[in-house]
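S.K.: Pasting the sequence and the predicted coordinates here, then a few questions.
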Amino acid sequence: MAVTFDATGPDMSAFLRRTKDGQTRLDLLVTGARCAGCIAKIEREMARLPGVASARLNLSTGRLALALEGAAADPGRIISALERLGYPATPYDPGAALVQRDREGRQLILALAVAGFGAMNAMMFSVPIWAGLFGQELGPATRSMMMWMSAAVGAPCAIFAGMTFFKSAWRSLRAGRANMDVPISVGVILTLAISFSETILNGRDAYFDAAVSLLFLLLIGRWLDHVLRAKARSAAGDLLALQAPVARIVDAAGRERSIPLGDVQPGDLLRVRPGDRIPVDATLEDGEALLDNSLLTGESAPERVRPGQLCRAGAVNTSGLLTLRARARSEDSTLAAIARLVDAGAQSRSRYVRLADRAAALYVPVVHAAALATFAGGWALGLEPREALIRAVAVLIVTCPCALGLAVPAVQVVASARLFRGGVLVKSGAALERLAEIDHVVFDKTGVLTEGCPALVGASSAIIAMAAPLARASGHPMARAVARAAGEGPLATGVTEHPGLGVEGLIDGRRARLGRAAFVGAPTRRSGETEIWFGFEGETKVRLHFTDGLRPDAADTIKALRARGLTVEILSGDRNGAVKGVAHAVGVADWRAGLLPEEKSDAIDRLTTGGRKVLMVGDGLNDAAALARAHAAVAPGTALAASQNAADLVLTGDALMAVVEAIDVARSARRRALENFGFAALYNLVAAPAAMIGLVNPFVAALAMSGSSLVVTINALRVRGGR
């Protein structure tokens, strides 16, 4: 498959990647996309281009993933088409995407500050003019001076603060469409034009203060939306960061050297030291290995691997020095595959249509039509063009979407603050809308319903004290649990680690062993994954039993979720017996064990295809893809960073009941948002006709618009938890 290039455009060959199915992938960073309508338009227009098999836009990151096939695919033409649509694009670079988000945030906060300054100071000169409404008329010269001073302050501030909306509106109009920024821009520009006309002609009213106040309120909503959206970022990069940056290979002469991870080829001989991560998927060459796969599978007990078996990238070597044979490159590893699943899930979830986007789709054409009808109708009925234009501007101002723009962000900010105080960090504003819709909850076991680490149970303090010196010298999770139970103290000497078996050494000159029953010499064949044995040479052996205890409120959380009409399921990578025990303890009948990351992700997809709206609660790397695929996702604060980034909400405390509180608050927030939309609709139904017949001038329109914004903000404060 050959991809052609536009000879007059930039060379994009360095940014193309071949996939296993024979397609070519191109990732672009798109700017200017703000809503679900933008996503739909970009994906639809890209799919129409020759050679573009598919296009998916992640609104949170601005990443447009394109699958190209056939000789007609031209990256230069794709970028040109995006430019014509009004969405500038460049090759995707995560660093550049972060810089772009930071730049946009700085521009918004600067515009907000300028608008606030302009509104306050323009009103300082407008107040004496307003006093004329109460019989305290100014002299013509003083009145004219006040109007010019208001213009000198308000107009430059309005032009600067309005550039965010003007640029967006211009890009939209150039592409042959109208977004919500078009009526805002038209209203502000016409207000300034009429105000200058009135000032020059010594008219009665000027509305510089109204224009800049309008922008100030709109920018508050835009900035709040930016802050919440910036928190919703892809976790794929965090997953790949778990890979070791370098790998140690053994050359033909037997020399060991370090090379970049990307240079590892299938067949290379690798060495992995104790405590290091497996760099790529590889096969164990000799000996036995004990691998900590908890981040990959969620299983708390280490996995014993024999020669010829697969060791997956990202697993931690908890035994001795390992010799491995690479089976895949870093980009083809299990970890990289999980990262691709997470990224794909984040893109699919970004397609969610927010409430404000739905309202905006109706708002723009209705407002334009009303303003145009006011101007044309007034002029046709005998009004002077100036008076007809003032009425049309009043319609644009009084219906300006401040209340609509604040309806959702204000609710989301209040809900996010309330949840933060309750131990839940909300990373995405749209996540609250999704969370309010869920009807099925999926829990991981280890680290979510349970504490996530083995705890020693039933052992006397004397036995713990005897085993502790040897346990402190081992990296095995169960040995560490013994060391934690004993506290600080001396270490055994002459310690030798036996991969997959245990550890031995000298304690006060006596040889001791800690590990599997057969290794220690216990007179029993009973040896489960939740026990180890300890004993001195030639003496009686002692069994040490471990359990991963339930979170104290796990059962109550399940009960509370069911009381809210939700169904509950457990999907875990842990052993069948362990999952069955936890499911029985918390009262969940629907559970599955031994699942790989892709199997969890597939399970979520099947539930979604079946019409369920799934909330996934997980903490491990094996949960990251499922978290990204779910309708909404929650991760504990102890979860892997990549899983936290794949989730919409993070529990900052230990209480699992915070999941229930988050659902309650999300449902309450949705009700408040719908109430705000209802009020905004009622307000416009009353205010717009009043402006059309001349009962409302631009000044009164600005006051009414500000009042409507205040009402929706106050209503947002009514967000609460509880049923």
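M.R.: Perfect, thanks for sending it.
S.K.: When you work out contacts or count neighbours from here on, use the C-alpha atoms and nothing else.
M.R.: Fine.
S.K.: what's downstream of the helix-or-strand element of the chain with minimal mean pLDDT, the next helix or strand?
M.R.: Among the helices and strands of the chain, helix 236-240 carries the lowest confidence by mean pLDDT, DSSP states H and E, at a mean of 47. Under the assignment DSSP states H and E, the closest C-terminal helix or strand after helix 236-240 is strand 246-250.
S.K.: That following strand: what's the following helix or strand?
M.R.: Moving toward the C-terminus from strand 246-250, the next helix or strand (DSSP H and E) is strand 256-260.
S.K.: and the angle for that next one with strand 246-250?
M.R.: Interaxial angle, strand 256-260 versus strand 246-250 (axes from the mean of the first three to the mean of the last three Cα atoms, to 10 degrees): 140 degrees.
S.K.: Go through strand 256-260 and flag the buried ones.
M.R.: Across strand 256-260, burial judged by 16 or more other Cα atoms under 10 Å covers no residue at all.
S.K.: what mean pLDDT does that strand have?
M.R.: For strand 256-260, mean pLDDT rounds to 79.
S.K.: again with stretch 304-313
M.R.: Averaging pLDDT along stretch 304-313 yields 83.
S.K.: do stretch 77-95 as well
M.R.: Averaged over stretch 77-95, pLDDT sits at 77.
S.K.: for the stretch 601-723 of the chain, what spans make up the helices?
M.R.: When secondary structure is read from DSSP state H, counting those that start in this stretch, the stretch 601-723 of the chain shows helices at 621-629, 641-646, 658-692, 698-716.
S.K.: Can you spell out which helices and strands pack onto the helix or strand where Met466 lies?
M.R.: Take DSSP H and E as the rule and Met466 turns out to sit in helix 461-471. For helix 461-471, the packing partners by 3 or more Cα pairs under 8 Å, 6 or more residues apart in numbering; DSSP states H and E come out as helix 477-486, strand 502-507, strand 510-515.
S.K.: from what I can see Glu69 touches Ala47, true?
M.R.: No. Assessed by Cα atoms under 8 Å, Glu69 is found out of contact with Ala47, at 11.7 Å.
S.K.: shared neighbours of the two, which are they?
M.R.: By Cα atoms under 8 Å, 6 or more residues apart in numbering, Glu69 and Ala47 have these common neighbours: Ala53.
S.K.: quick one on the thing from earlier: in the helix holding Met466, what counts as buried?
M.R.: Ile463, Ile464, Ala465, Met466, Ala467, Ala468, Pro469, Leu470, Ala471.
S.K.: before we move on, what about stretch 545-558?
M.R.: Buried, per 16+ other Cα under 10 Å, within stretch 545-558: His545, Phe546, Thr547, Asp548, Gly549, Leu550, Arg551, Asp553, Ala554, Ala555, Thr557, Ile558.
S.K.: And for stretch 582-595?
M.R.: The neighbour-count check on stretch 582-595 (16+ other Cα under 10 Å) flags Val582, Ala583, Val586, Val588, Trp591, Arg592, Ala593, Gly594, Leu595 as buried.
S.K.: Could you dump the residues you listed into TSV and include secondary structure, pLDDT and distance to Ala563?
M.R.: Listed next are the buried residues of stretch 582-595 as TSV, based on DSSP: H, G, I helix; E, B strand; the rest coil; pLDDT from 0 to 100; distance: Cα to Cα, whole Å:
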residue	secondary structure	pLDDT	distance to Ala563
Val582	helix	90	20
Ala583	helix	92	18
Val586	helix	92	14
Val588	coil	92	14
Trp591	strand	93	19
Arg592	strand	92	23
Ala593	coil	88	26
Gly594	coil	82	29
Leu595	coil	84	28
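S.K.: which of these lies closest to Ala394?
M.R.: Val588 (59.4 Å; Cα to Cα).
S.K.: wait, what's in contact with Thr547?
M.R.: Residues counted as contacts of Thr547 (Cα under 8 Å, 6+ apart) are Pro454, Ala455, Leu456, Val457, Thr530.
S.K.: Leaving aside the residues adjacent along the chain, what's closest to the first one?
M.R.: Meaning Pro454. Using Cα to Cα, 6 or more residues apart in numbering and skipping residues adjacent in sequence, the residue nearest Pro454 is Asp548, 4.8 Å away.
S.K.: Can you get me a residue count around Asn576?
M.R.: When neighbours are counted by other Cα atoms under 10 Å, Asn576 registers 14.
S.K.: That one contacts Ala593, doesn't it?
M.R.: Yes. Look at Asn576 against Ala593 with Cα under 8 Å: they come within range, at 5.2 Å.
S.K.: for the strand or helix carrying Ser197, the distance to its chain's centre please.
M.R.: Here Ser197, judged by DSSP H and E, is contained in helix 181-200. Chain-centre distance of helix 181-200: 38 Å, with Cα atoms, centre = their mean, to the nearest Å.
S.K.: Run through the neighbouring helices and strands of the helix or strand that that helix is followed by.
M.R.: Per DSSP H and E, the first helix or strand lying C-terminal to helix 181-200 is helix 208-230. The contact analysis (3+ Cα pairs under 8 Å, 6+ apart) places helix 208-230 against helix 94-130, helix 140-161, helix 181-200, helix 402-421, helix 429-435, helix 698-716.
S.K.: which one of those helices lies closest to Pro636?
M.R.: Closest among the helices and strands packed on helix 208-230, using Cα to Cα: helix 402-421, at 13.3 Å.
S.K.: Report the rounded mean pLDDT for that closest one.
M.R.: Mean per-residue pLDDT for helix 402-421: 72.
S.K.: moving C-terminal of that helix, what's the next helix or strand?
M.R.: Next along the chain after helix 402-421, with elements defined by DSSP H and E, is strand 424-426.
S.K.: low-scoring pLDDT stretches of the stretch 1-150 of the chain, where are they?
M.R.: Applying pLDDT under 70 to the stretch 1-150 of the chain picks out residues 1-23, 34-37, 40, 58-61, 70-73, 93-102, 130-138.
S.K.: let's see 50
M.R.: Low-confidence segments of the stretch 1-150 of the chain (pLDDT under 50): 1-10.
S.K.: Next: the chain.
M.R.: Scanning the chain with the threshold set as pLDDT under 50 gives 1-10, 232-241, 341, 345-348, 350-353, 527-528, 723.
S.K.: If we ignore the residues flanking it in sequence, what's nearest Ala55?
M.R.: Closest residue to Ala55 apart from its sequence neighbours, by Cα to Cα, 6+ apart: Leu66 at 4.6 Å.
S.K.: Surely that neighbour touches Arg56?
M.R.: Yes. Using Cα under 8 Å, Leu66 is in contact with Arg56, at 6.7 Å.
S.K.: Pull the contacting residues for Gly377.
M.R.: Gly377 touches nothing, counting by Cα under 8 Å, 6+ apart.
S.K.: Could you pull up phi and psi at it?
M.R.: Taking degrees, to the nearest 10, you get phi -70, psi -40 for the backbone angles of Gly377.
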